[in-house]
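Trainee: Build me a model:
(4 chains)
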2 protein chains.
Amino acid sequence: MKRRKVGNMLGLAVLSAVMDRPRHPYEMAAVLKERGKEADVPIKWGSLYTVVANLEKHGFLEAVESVKDGGRPERTVYRITPAGRAEYEDWVRELVGTVEPEPPRFRSGLSMIGILGPDQAIGRLRERLEQLGERAAKQRAVLDQLRPLMPRMFMIEIEYDIAMTEAEARWVRGFLDELTSGTMPGLDAWRRWYETGELPDDLGALVEE
Amino acid sequence: MKRRKVGNMLGLAVLSAVMDRPRHPYEMAAVLKERGKEADVPIKWGSLYTVVANLEKHGFLEAVESVKDGGRPERTVYRITPAGRAEYEDWVRELVGTVEPEPPRFRSGLSMIGILGPDQAIGRLRERLEQLGERAAKQRAVLDQLRPLMPRMFMIEIEYDIAMTEAEARWVRGFLDELTSGTMPGLDAWRRWYETGELPDDLGALVEE
DNA sequence: TGCGCAATACTCGTCTGCGAGTACTCGTAG
DNA sequence: CTACGAGTACTCGCAGACGAGTATTGCGCA
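Mentor: Predicted coordinates:
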């Protein structure tokens, strides 16, 4: 497989920032923050300059070498090249069109939730549920605030975000219900194991492989 | 904030692999693959030894220095320490109980879907939808195959995965419907901009800030 | 008029992640 | 009985990510 020449997501953000007009790195970061892209790609100062340099090395950006105005320390302004535009488009095409495995950390947590024991597990899941609710509310507030200002298509990723947050909340709530109502099979075996360390014979056999 | 001493997710996997009995690094990787943990945490050989070394440095693992059997090149066997157990538990607690922002790459793609133009966007979204279907089917197959062998609680993360995949598929389908049925506002403005490069006056004003 | 703080615009060095190589060994097909 | 491919068990070194520092300037406020 042909891995992207510049793999860092910040690279994509940089390309998008430079599409309309040439900018110097600090300005790129500024517009990205303004446009709320920080939610997509956390902008780290350390990475920004490395990434810009790499994009230039691979011919996606070129320096317009404008030292311009007095005052400020010297700045290098970059312009996007045709190759850069192509890369940008191709990258977005890939992001939208293909699903690659990016396991969320919560998934890992779930797969090891055993060691917490049922009671602690329930407690933690309740906390998560609450946080998911807050997150959804916050996103919805952003959406409402922006709605009069710009067309829906420009905020579609927020709608996606809300939908996913709510879906997760729904799942967690369902799981929680099964745990608290006792519908989930093996619950007391789990509790026994957590409290005494002994596990039922059939499971003991299972562990052997 | 107190960042984890060993931040790599592989570290968590290593701890989990060493909970029951001491193992040497290669063996850890082996059991992790066997238990299907690769879906949670991709196991990179390069990282494995660094991570194990770091875990040891911070007192979560300790070497049992067993050169043991003939044949194979020398191996170092590691045992988990009490501090290691505590760290493991605490880490899982954090993963389950708190939601931190980890923006999926698709979200970024959506926020930049503009440059593709409506027709290409629709095409790509169709592809994604198809892949999501495949993914859900595959996960479901795994679940069905495992169900007779182990209790549900041991496969809960697969259930979560399926639920999330389906939720995304549902959202994409809805979005796609709005695009193809023409319900989405601003669709022809979008097409015009993509084909000719000119954007309606109200948007032009918007871009100024 | 002078003080300090926020903003501007980076640089530097460390620390981590990981791909690609290495070297040895066992089973087995010819 | 031997050659080879698959498994075993790592090592090495580079490239990338990032935190923390630095130096300058403009502006508000007293």
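
Trainee: quick one, strands of chain A?
Mentor: Assigned by DSSP state E, the strands in chain A fall at A:61-63, A:78-80.

Trainee: Can you lay out those as JSON lines showing mean neighbour count, distance to DNA strand C and mean pLDDT?
Mentor: For the C-beta atoms, the positions are set from N, CA and C on the backbone; glycine is no exception. Written out in JSON lines, the entries for the strands of chain A read as follows (neighbours: other Cβ atoms under 10 Å in any protein chain shown; distance: least, Cβ to the nearest atom of the strand, whole Å; pLDDT from 0 to 100):
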{"stretch": "strand A:61-63", "mean neighbour count": "18", "distance to DNA strand C": "11", "mean pLDDT": "93"}
{"stretch": "strand A:78-80", "mean neighbour count": "21", "distance to DNA strand C": "9", "mean pLDDT": "95"}
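
Trainee: would JSON lines of the ones you listed with distance to chain B be doable?
Mentor: Formatted as JSON lines, the entries for these read as follows, by distance: least, Cβ to the nearest Cβ, whole Å:
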{"stretch": "strand A:61-63", "distance to chain B": "17"}
{"stretch": "strand A:78-80", "distance to chain B": "12"}
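
Trainee: which residues of chain A score low on pLDDT?
Mentor: Counting by pLDDT under 70, the ranges of chain A that qualify are A:1-2, A:67-74, A:203-209.

Trainee: And the helices in it?
Mentor: A:9-18, A:25-34, A:45-57, A:82-97, A:105-111, A:117-146, A:156-181, A:187-196, A:201-207 (DSSP state H).

Trainee: Pick the most buried one from these.
Mentor: helix A:9-18 (a mean of 25; mean count of other Cβ atoms under 10 Å in any protein chain shown).

Trainee: Which neighbouring elements make contact with that one?
Mentor: With contacts taken as 3 or more Cβ pairs under 8 Å, 6 or more residues apart in numbering or on different chains; DSSP states H and E, helix A:9-18 sits against helix A:25-34, helix A:45-57, strand A:61-63, strand A:78-80, helix A:82-97, helix B:105-111.

Trainee: repeat that with 6 Å
Mentor: Here helix A:9-18 touches helix A:25-34, helix A:45-57, helix A:82-97, going by 3 or more Cβ pairs under 6 Å, 6 or more residues apart in numbering or on different chains; DSSP states H and E.

Trainee: Please name the residues that touch the residue nearest in space to the middle of chain A.
Mentor: Among the residues of chain A, residue A:40 comes closest to the average C-alpha position under Cα atoms, centre = their mean, at 6.1 Å. Residue A:40 makes contact with B:103, B:107-108, B:111, according to Cβ atoms under 6 Å, 6 or more residues apart in numbering or on different chains.

Trainee: that older thread, of the strands of chain A, which is nearest residue B:87?
Mentor: Residue B:87 sits nearest to strand A:61-63 of all the strands of chain A, at 42.7 Å, using Cβ to Cβ.
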